[in-house]
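> only geometry, no sequence info:
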C-alpha cells in the first residue's frame, strides 16, 4: 500500500470515529475527544521521531 492509501484510510477512520463520538451523550463526548486527541498527538509524535524531524 502507498502512503496515500494509508492516509486515506486513516482519514476515513477518523471521520467515522468523530461521527460515533458526535452521537454520544454530551457528558461522554469530552472524554472521547480527549482520548482521540491523545491518540492523534502520539501518532504525530511518533511520525516526527521516525522522520527525524524536530517540531517548529
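That came through, no problem. All of these numbers come straight from a predicted model, not from anything done at the bench. Residues are numbered from 1 along each chain as shown.
> how much space between the residue nearest the centre of the chain and residue 25?
Nearest to the geometric centre of the chain sits residue 40, at 3.7 Å (C-alpha atoms, centre = their mean). Counting by C-beta to C-beta, to the nearest Å, the gap from residue 40 to residue 25 is 23 Å. No exception for glycine: its C-beta is placed from N, CA and C like everyone else's.
> neighbours of residue 10, just the number please.
12 (other C-beta atoms under 10 Å).
> let's see the pLDDT reported for it.
We have a pLDDT of 80 for residue 10.
> now residue 53
Per the predicted model, pLDDT is 55 at residue 53.
> same check, this time on residue 49
79.
> kindly report the same for residue 24.
pLDDT at residue 24 comes out at 96.
> swap in residue 36?
94.
> then residue 42?
At residue 42, the pLDDT value in this model is 92.
> buried residues in the strand or helix carrying it?
Using DSSP states H and E, residue 42 maps to helix 26-51. By neighbour count on 16 or more other C-beta atoms under 10 Å, the buried set for helix 26-51 is empty.
> which elements pack onto that helix?
helix 3-22 (3 or more C-beta pairs under 8 Å, 6 or more residues apart in numbering; DSSP states H and E).
> relative to helix 26-51, how tilted is the helix it packs on?
160 degrees (axes from the mean of the first three to the mean of the last three C-alpha atoms, to 10 degrees).
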